[in-house]
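> Sequence and predicted model, in that order:
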There are 2 protein chains.
Amino acid sequence: MSEITIKELARICGVAVSTVSRAMNDRSDVNPATRARIVAAAQAHGYVPNSMARRLKIGSSDTIAVFIQGEFGQMLMEIFERLEVELGKRGFDTTIAHISEQQHDHASAVERVVRGGRFAGVVFLGRYGSADREASAQLSRRLAEIDVPMVFCTTSDYSGVEVQRSWVSVDDASGARDLTAHLIARGHRRIGFIGAGRERDHEHAWALRLSGYGAALRDAEIESDDSLIVESVIESQVYTMRNGYESLRRWLRRDPDSARGVTAFVAACDAVAIGAARALDEAGLSVPGDVSLVGFDGLDVAEYSRPRLTTLEQPIEAIAQTTARLLVETIRSPRRHVEQVWIRGRLIERESVRTIDDDVQATLSASVGSSGEIARSKSGDAANTTSA
Amino acid sequence: MSEITIKELARICGVAVSTVSRAMNDRSDVNPATRARIVAAAQAHGYVPNSMARRLKIGSSDTIAVFIQGEFGQMLMEIFERLEVELGKRGFDTTIAHISEQQHDHASAVERVVRGGRFAGVVFLGRYGSADREASAQLSRRLAEIDVPMVFCTTSDYSGVEVQRSWVSVDDASGARDLTAHLIARGHRRIGFIGAGRERDHEHAWALRLSGYGAALRDAEIESDDSLIVESVIESQVYTMRNGYESLRRWLRRDPDSARGVTAFVAACDAVAIGAARALDEAGLSVPGDVSLVGFDGLDVAEYSRPRLTTLEQPIEAIAQTTARLLVETIRSPRRHVEQVWIRGRLIERESVRTIDDDVQATLSASVGSSGEIARSKSGDAANTTSA
DNA sequence: CTGAAAGCGCTTACAG
DNA sequence: CTGAAAGCGCTTACAG
């Protein structure tokens, strides 16, 4: 711990601490020669100002805390990286505040770091609060009280509290709608959705994607069929390949009749799509030969898997820029109106969707039929829960 | 900013600040009734101690900084999550210090946060210093001077400085050796390696994996052939599917003759393997039908891609535990001997390796030949750089 | 251009 | 069990 303090450095240089402070902070009112001498000495002795002391004194910090709850998804990390540079351009430091899933009391954990940290601003990335509605609402109220500038990035505030916050997100609903419409334009009619939240409430982005899927169906006057909605099996880690795989696999086994005739699926995200593709594969169904599949996010895995996945690319750049802009504006003029920005993603057509026409339809039914048999042969253990 | 300070809370409760402090910190020497009153008031007014002031006063913090340089790879994030809980069990908070790739001067950026942050300890996750050897060595020397407890996790210290540091990592060399030996046991003889660093020096883990590959070849008395080593094309982001794809694709085009006869590849990591699989696919080669392929890491994508990738699973749990243990030991007794731990990973056999025998060999040569033709038909633009 | 002084919000001996 | 005081390492008016 040979850390040197400002006092010692001052003694070494034979000046007052206030002079050292000014020199280190590039103030204009310091003799250039003195400054040079001090900076050199600092360098030589490895002096770096104690950031706690500095921030305590300064009062207003220029660091932004970005909260990430639970798992570090790839999409979140990519947004974070861009966000960090955007905020950097505007003169802010960024720090990740991770609230682990294990934490009993999310709300108070968040509150503790926000209140204790004296940040210039806060962004919630990808999740907010806990499944416990009341706790989340509580958190919102308290955050409103301490009045930190904050924006939700890729999360909507579903806490139900009146306080309005700014947010920015990919337009989940329109994205899913575009994806589904694309499938419909390719001749698909019986289209499933993989990865719905168990409770189907508005807890997060997926509910929005599910609604976009429903809207596209309605637009095309296709009757929606709840039995085609595949629920998430692994709720603690929804954005995973494993969730896509397990969820679809279970559904295929349980509802062989529903599976019959489905020609396409929209997955709640790319990772889920990859997992789902494997479940399909194991059931003897090929993509896109037997069933088409689209993802959501635009991860690299969607680009390099085979078949390449048609998906909706999140506009990471724009999301990060907008979030940074909104937050900085809020910091500068706290009482401005809130802005809520949905940014449309871009549909990327690749190889996982096939154009359907009647004769193909026939082939399809046949192969789905065979998958139904596979399902049946294993369905003994799940007989009572089979819905069809 | 209705943040309340200890002084105001003290006034509200009609006690001295020292009493509030004691109550908030659960000291034993406080009247239970007084404590209850204070805690309740703190709750009501949303009082949370200013963490800067607290840490400034305390001097020794109990937070650990984990440094991550450049991209947030999935493997790194998984290790981080485990590390956070392991450190948490031992009473430490964890914070991520991200050094972005853009930063001109890595070394001094690292030094600044370490010196300025007064952390209880530091771990470097996945990368250390910059490509600039001298700068890295410089950093090591300065870090040694300030004498922070630190351990390298999944990074080796190649700075060349005498100061010995503890480290823990998957055993890259033996892992790659196991993987390669596995291929050899399955009858493969001409085996390539995808993702070598351009300079082939010992900058990071990949050099170790490359050497493990070489060792296995030597064990089996197979003559190694440098033309089978595929170099990374995208050096700034080596752990990516894109790097695997572009690197192998270029190689396939450039060295069609080398490609002839290769029956298997070991990829430097799973992401690279996935990208490589696509390049193979585009060249008309199937995995494992025409060429076998193994990865390294044990990411989910290796499990859900088709074919499922045979790979070496990193023992994340053990790595995180050992790192936490070592760091805490170093914190408690700074002068203890350093420990350098290589933890063996587990080979997971899946579907990307095929057992080879003579007649298969014949088929293979034929299809690689056809890929050579594809390459040639596009080689006009790269004619001068073609090595064969 | 430089120095002495006050104070940011806490914690921790030291008295009582 | 409680309070008054000192001080952690800085920065920033305020004088000179």
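Right, received. Where do you want to start?
> And the pLDDT for whichever residue of chain A sits closest to DNA strand D?
For chain A and DNA strand D, the shortest gap (CB to the nearest atom of the strand) falls at A:Ile6, measuring 2.8 Å. The way it works is simple: take the backbone N, C-alpha and C, and place the C-beta from them, glycine included. If you check A:Ile6, the pLDDT there is 91.
> Report the contact partners of A:Thr355.
Contacts for A:Thr355 (CB atoms under 8 Å, 6 or more residues apart in numbering or on different chains) come out as A:186-187.
> ok, now how distant is it from A:Arg186?
Using CB to CB, to the nearest Å, A:Thr355 is found at 5 Å from A:Arg186.
> still on that earlier bit, double-check the residue of chain A closest to DNA strand D against A:Val20; I have them as touching.
Yes. Counting by CB atoms under 8 Å, A:Ile6 touches A:Val20, with 5.3 Å between them.
> Look at those two and report which has more neighbours.
Comparing A:Ile6 with A:Val20 by other CB atoms under 10 Å in any protein chain shown, the one with more neighbours is A:Val20, at 28 against 18.
> Please tell me how far the closest residue to that one other than its chain neighbours sits from DNA strand C.
Among residues not flanking A:Val20 along the chain, A:Ala10 sits closest, at 4.9 Å (CB to CB, 6 or more residues apart in numbering or on different chains). To DNA strand C, A:Ala10 is 8 Å away according to CB to the nearest atom of the strand, to the nearest Å.
> what about the nearest residue to A:Asp172 once chain neighbours are set aside, how many neighbours?
Closest residue to A:Asp172 apart from its sequence neighbours, by CB to CB, 6+ apart: A:Leu208 at 3.7 Å. By other CB under 10 Å, 20 other residues sit near A:Leu208.
> Tell me the pLDDT of A:Leu208.
88.
> Quickly find the element holding it.
helix A:205-219 (DSSP states H and E).
> Tell me who's in contact with the residue nearest the centre of chain A.
Residue closest to the mean C-alpha point of chain A, counted by CA atoms, centre = their mean, is A:Gly126 at 3.7 Å. Shown in contact with A:Gly126 (CB under 8 Å, 6+ apart): A:68-69, A:73, A:75-76, A:79, A:153-155.
> of all the residues you listed, which comes closest to B:Ser51?
A:Ile68 (19.0 Å; CB to CB).
> Nearest residue to A:Trp206 in space, please, no chain neighbours.
Leaving aside its sequence neighbours, A:Trp206 sits nearest to A:Ala268 (CB to CB, 6+ apart; 4.9 Å).
> quick one: contacts for that neighbour?
A:193-196, A:206, A:209-210, A:232, A:238, A:296 are the contacts of A:Ala268 under CB under 8 Å, 6+ apart.
> Which phi and psi values does it adopt?
Dihedral pair for A:Ala268: phi -70, psi -20, per degrees, to the nearest 10.
> domains for chain A, by residue range?
When chain A is parsed with automatic domain parsing, its domains come out as A:6-49, A:60-171+A:317-345, A:172-313+A:347-385.
> Please give the centre-to-centre distance between the last one and its chain.
Taking CA atoms, centre = their mean, to the nearest Å, one finds the center of domain A:172-313+A:347-385 at 20 Å from the center of the full chain.
> Let me know the pLDDT of the closest residue to A:Gly70 other than its chain neighbours.
Leaving aside its sequence neighbours, A:Gly70 sits nearest to A:Glu101 (CB to CB, 6+ apart; 4.5 Å). Per-residue pLDDT puts A:Glu101 at 75.
> And for the one 4 residues further on?
Among the per-residue scores, A:Asp105 holds a pLDDT of 73.
> I'd say it and A:Leu139 touch.
No. Counting by CB under 8 Å, A:Asp105 stays clear of A:Leu139, with 9.8 Å between them.
> Counting neighbours, what do you get for the residue in the stretch 51-200 of chain A positioned nearest to DNA strand C?
Proximity of the stretch 51-200 of chain A to DNA strand C (CB to the nearest atom of the strand) peaks at A:Lys57, 3.6 Å away. Using other CB under 10 Å, A:Lys57 has 11 neighbouring residues.
> And it, which helix or strand is it part of?
Element membership for A:Lys57 (DSSP H and E) is helix A:51-58.
> could you check the angle helix B:51-58 makes with that helix?
If you take axes from the mean of the first three to the mean of the last three CA atoms, to 10 degrees, helix A:51-58 sits at 130 degrees to helix B:51-58.
> Are helix A:51-58 and DNA strand D in contact anywhere?
Yes. Counting by CB under 7 Å from any atom of the strand, contacts between helix A:51-58 and DNA strand D involve A:53-54, A:56-58.
> Which neighbours in the sheet does the helix or strand that that helix is followed by have, and how are they oriented?
For helix A:51-58, the succeeding helix or strand toward the C-terminus, using DSSP H and E, is strand A:63-69. As defined by DSSP bridges, the strand partners of strand A:63-69 come to strand A:93-99 (parallel), strand A:121-125 (parallel).
> For strand A:63-69, what does the pLDDT average out to?
According to the model, strand A:63-69 has a mean pLDDT of 91.
> helices or strands up against the next helix or strand after that strand?
Remark: after strand A:63-69, the chain's next helix or strand is helix A:74-89, criterion DSSP H and E. Contacts defined by 3 or more CB pairs under 8 Å, 6 or more residues apart in numbering or on different chains; DSSP states H and E place helix A:74-89 against strand A:63-69, strand A:93-99, strand A:121-125, helix A:316-332.
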